[in-house]
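1. Mind folding the following:
(one chain, ligands or ions: 1)
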Amino acid sequence: MEGLTRTEIEQLLETSVSMREVNRRDIKKVPTLRGKTVINLFYENSTRTRGSFELAGKRMSADVINVSVATSSVKKGETLIDTVATLHAMNPDAVVIRHADSGIHTFLARELDTALINAGDGRHEHPTQALLDMLTIRDNLFRMGRSDFEGLTVAIVGDVAHSRVARSNAIGLATMGARVRFVGPPTLMPTEAEKAFGVTVHHRLEEGIKDADVVMILRLQLERMGGGFFPSIREYFEFWGMSHERLKLASEDALVMHPGPMNRGVEIASPLADDLERSMILDQVHNGVAVRMAVLYHICNASSHRQNQ
Ligand code: CP
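-> Have a look, this model is predicted:
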């Protein structure tokens, strides 16, 4: 999201709305990317992002290959850069990469002339997640009595320190004019968050979600922790878990969002997660396919333009 202008974000969201119309047809297929090739390369687990990038490419008639890292030559010791260079030699129009190392796309882009799409890099960024979150919020602006993001208050709650979703949303939402709060215990907060992201930081849940229009709950990223960030899961839920009761502090029509996968009873109570009036979790997944179609559409077209020059 870093570097994207408000106009570019609006253009991506507009394209996503057109793509969503395709996804709601009986026959969910258009020839938009016929003859294009997209490679998905996921070094970390994924259900939503990988599945929706695959569907996105296929619904636009691209040839899509999913490289399974577990059965690829990575397991024989091939480096990431050699793997991507090998895939590049097959002339793809875009390579979608998820990797545990923050900043890996910037490094690869310096080394290789390949169109790369970030499907999540370490704790750095998850731009398509932020775009689908913004599309979901945009769909509900009218219900919140607003016409745009200007002045909207979004509370991002939980394990902010390890969250690429929090970073990408903070950057994107600020670009769109929203006010972003990071809410969580000091041990799960990045250092100098205010200065780095222009957010306000709150270490008390009640204060952090007060009158918020959107409450975005984050998963505890246990896989990125060495332990000792909080006393126990039970205590975490007691202080930071979101429930209908706690949500009363937010705006009356506040949206509840979660990027998934969610840990029920850890960061969100099941009745709230399943309350389709408040919880946007499945709408977020629905919008994810459309957003990834929009991103592939713009990237593949830009990539053809570059190759023809
Ligand atoms: N939100 C998200 O990135 O989910 P996955 O890990 O399932 O792709």
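
2. Tell me if K29 really is in a strand.
-> No. Counting by DSSP: H, G, I helix; E, B strand; the rest coil, K29 falls outside a strand, being coil.

3. Could you report the distance from the closest residue to it other than its chain neighbours to the ligand?
-> Sequence neighbours aside, R59 is the residue nearest to K29 in space, at 5.7 Å (criterion: C-beta to C-beta, 6 or more residues apart in numbering). The C-beta positions use only the backbone N, C-alpha and C, and glycine is treated the same way. R59 sits 18 Å away from the ligand, going by C-beta to the nearest ligand atom, to the nearest Å.

4. wait, R59 sits on V22?
-> Yes. Between R59 and V22 there is a contact under C-beta atoms under 8 Å: 6.4 Å.

5. Looking at those two, which one has more neighbours?
-> Using other C-beta atoms under 10 Å as the criterion, R59 and V22 rank with R59 on top: 25 against 17.

6. Now do the contacts for that one.
-> R59 makes contact with 22-23, 28-30, 289, 293, according to C-beta atoms under 8 Å, 6 or more residues apart in numbering.

7. out of those, which is most surrounded?
-> M293 (29 neighbours).

8. mind checking how far the residue nearest the centre of the chain is from R110?
-> A centroid search over the chain (C-alpha atoms, centre = their mean) returns Q129, at 1.6 Å, as the residue closest to the centre. Distance, Q129 to R110, using C-beta to C-beta, to the nearest Å: 24 Å.

9. Can you pull the residues of the stretch 51-200 of the chain lying near the ligand?
-> 120, 129 (C-beta under 6 Å from any ligand atom).

10. In contact with the closest residue to the ligand within the stretch 51-200 of the chain, which residues?
-> Using C-beta to the nearest ligand atom, the single residue of the stretch 51-200 of the chain nearest to the ligand is Q129, 5.3 Å away. By C-beta under 8 Å, 6+ apart, the contact set of Q129 is 49, 120, 164-165, 168-169, 259, 288.
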